[in-house]
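Asks: Provided below are the primary sequence and the corresponding predicted coordinates.
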Amino acid sequence: MKFSKFMTSKWGRMLRIIAGLALIYVGVLVMKNTPGYIIAIIGLAPLFAGIFDFCMFAPLFGMPFIGKEIRAFKQQSKQ
């Protein structure tokens, strides 16, 4: 539960954006070949997840997909 709480926080979103940008950077500018481009494409997932506030792993833990709904879900769970 702490993991999902962190990932839906402002810092968690920033971490996903930074991780996505890092994967894109490494894939395109460091590796510069087909596996590098595949890594860059994979980097789009955490980048978009952070920008658009959704968590791809939340449904695996029985929570909603959208960050705002996850935070509301957690508030209901506390009560």
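Replies: Structure received.

Asks: Pull the contacting residues for Thr34.
Replies: For Thr34, no contacting residues are found, by C-beta atoms under 8 Å, 6 or more residues apart in numbering. For the C-beta atoms, the positions are set from N, CA and C on the backbone; glycine is no exception.

Asks: what's it sitting at in phi/psi?
Replies: The phi and psi values for Thr34, taken as degrees, to the nearest 10, are phi -60, psi -50.

Asks: Please apply the same query to Phe57.
Replies: The phi/psi pair for Phe57 (degrees, to the nearest 10) reads phi -90, psi -10.

Asks: Distance check, it against Arg16.
Replies: Separation of Phe57 from Arg16 (C-beta to C-beta, to the nearest Å) stands at 11 Å.

Asks: With Phe52 instead?
Replies: Taken as C-beta to C-beta, the span from Phe52 to Arg16 is 10 Å.

Asks: can you check Ala40 too?
Replies: Ala40 is 16 Å from Arg16, by C-beta to C-beta.

Asks: Glu69 too?
Replies: For Glu69 relative to Arg16 (C-beta to C-beta), the value is 17 Å.

Asks: What is the neighbour count of Ala40?
Replies: The local packing of Ala40 (other C-beta atoms under 10 Å) involves 18 other residues.

Asks: Nearest residue to Ile24 in space, please, no chain neighbours.
Replies: In this structure, Ile24 finds its nearest non-sequential neighbour in Gly43, 4.1 Å apart by C-beta to C-beta, 6 or more residues apart in numbering.

Asks: what's whichever strand or helix holds Leu21 packed up against?
Replies: Using DSSP states H and E, Leu21 falls within helix 10-25. Secondary-structure packing of helix 10-25 (3 or more C-beta pairs under 8 Å, 6 or more residues apart in numbering; DSSP states H and E): helix 2-7, helix 34-52.

Asks: Could you give me the buried positions within the longest one?
Replies: When neighbours are counted by 16 or more other C-beta atoms under 10 Å, the buried residues of helix 34-52 are found to be Gly36, Ile39, Ala40, Gly43, Pro46, Leu47, Ala49, Gly50.
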